[in-house]
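Visitor: This is the structure alone, sequence omitted:
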């Protein structure tokens with residue numbers, strides 16, 4: 001069965017402000033205020049909490065190692081869980097696009113590097129979880145993207161087949177994951193998205209109204 005798997009942050013929903021706020025809360029606990037900005041670090045947010053913490057520590061000139069990042073990441077997760085959907089919103093037309101795919105007998109699922117329990121909570125809060133046949137998070141398996149195993153598992157759990165699947169994402173990590181799994185990749189290009197044209201994805205999408213047509217063309 002033809003299958004479309006979606007990344008979450010930066011692909012299904014704009015979660016940047018809630019992620020940035022959670023990271024800034026960590027820095028505030030250290031005595032620093034508003035280290036990260038919504039304008040300058042928008043795309044960094046979609047690489048996850050650890051990336052935000054590394055960026056923030058670099059900005060304030062604070063020495064750190066990965067053990068320290070892991071320590072503060074726990075604080076980040078606690079704050080983010082409490083405020084996970086204050087400002088997060090679905091991208092325009094994504095709900096309609098998913099329903100159009102399902103109406104044409106496509107399987108749809110999610111493969112994200114957000115911890116599974118947070119991904120489940122966010123999608124439930126956005127009232128958009130039931131539409132998807134699978135949700136694989138960063139900790140569902142022992143490995144995470146760009147390892148292809150989570151993507152392959154997301155395809156399997158929603159009843160699809162690897163030979164007729166594609167990934168919709170927004171980062172280099174998504175691109176590498178799709179290529180490692182041997183399937184096509186559509187990269188979204190929304191306002192403030194990273195410029196990833198150099199990657200030569202199978203398609204680029206600026207409007208979810210076009211997703212069905214693009215998916216059918218790729219998986220023809």
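Guide: Alright, I've got the coordinates. Since we're looking at a predicted model, the values are computed, not measured.
Visitor: what's next to whichever helix in the chain runs longest, contact-wise?
Guide: Scanning the chain for the longest helix, with DSSP state H as the assignment, gives helix 66-82. Applying C-beta atoms under 8 Å, 6 or more residues apart in numbering, the contact partners of helix 66-82 are 18-19, 21-23, 25-26, 29, 49-50, 52-54, 57, 115, 118, 121. C-beta here means a position set from N, CA and C on the backbone, and glycine is covered the same way.
Visitor: at 10 Å instead, please
Guide: By C-beta atoms under 10 Å, 6 or more residues apart in numbering, the residues outside helix 66-82 that reach it are 15, 18-19, 21-30, 48-54, 56-57, 62, 64-65, 84, 114-115, 117-118, 121-122.
Visitor: out of the residues you listed, which are buried?
Guide: 15, 18-19, 21-27, 48-53, 56-57, 84, 114-115, 118, 121-122 (16 or more other C-beta atoms under 10 Å).
Visitor: Quick check: residue 102 vs residue 152, distance?
Guide: Remark: distance between residue 102 and residue 152 (C-beta to C-beta, to the nearest Å) = 21 Å.
Visitor: Compare those two and say which is more crowded by neighbours.
Guide: Higher neighbour count among residue 102 and residue 152: residue 152, with 21 against 15, using other C-beta atoms under 10 Å.
Visitor: so the more buried one sits in a strand?
Guide: No - in this structure, residue 152 is helix, not part of a strand, as judged by DSSP: H, G, I helix; E, B strand; the rest coil.
Visitor: so what pLDDT did it get?
Guide: You'll see residue 152 listed with a pLDDT of 98.
Visitor: Just list what the helix or strand of the chain with the lowest mean pLDDT packs against, helices and strands only.
Guide: For the chain, counting by mean pLDDT, DSSP states H and E, helix 42-45 ranks last in confidence among helices and strands (a mean of 89). In this structure, helix 42-45 makes packing contacts with helix 16-28, helix 49-60, judged by 3 or more C-beta pairs under 10 Å, 6 or more residues apart in numbering; DSSP states H and E.
Visitor: Please compute how far that helix lies from its chain's middle.
Guide: Remark: helix 42-45 is offset 11 Å from the chain centroid, using C-alpha atoms, centre = their mean, to the nearest Å.
Visitor: what's next to it, contact-wise?
Guide: Taking C-beta under 10 Å, 6+ apart as the rule, helix 42-45 contacts 9-10, 14-23, 36, 38, 51-52, 54-56, 170-171, 191-195.
Visitor: what about 7 Å?
Guide: Here helix 42-45 makes contact (C-beta atoms under 7 Å, 6 or more residues apart in numbering) with 15-16, 19-20, 51-52, 55, 192-194.
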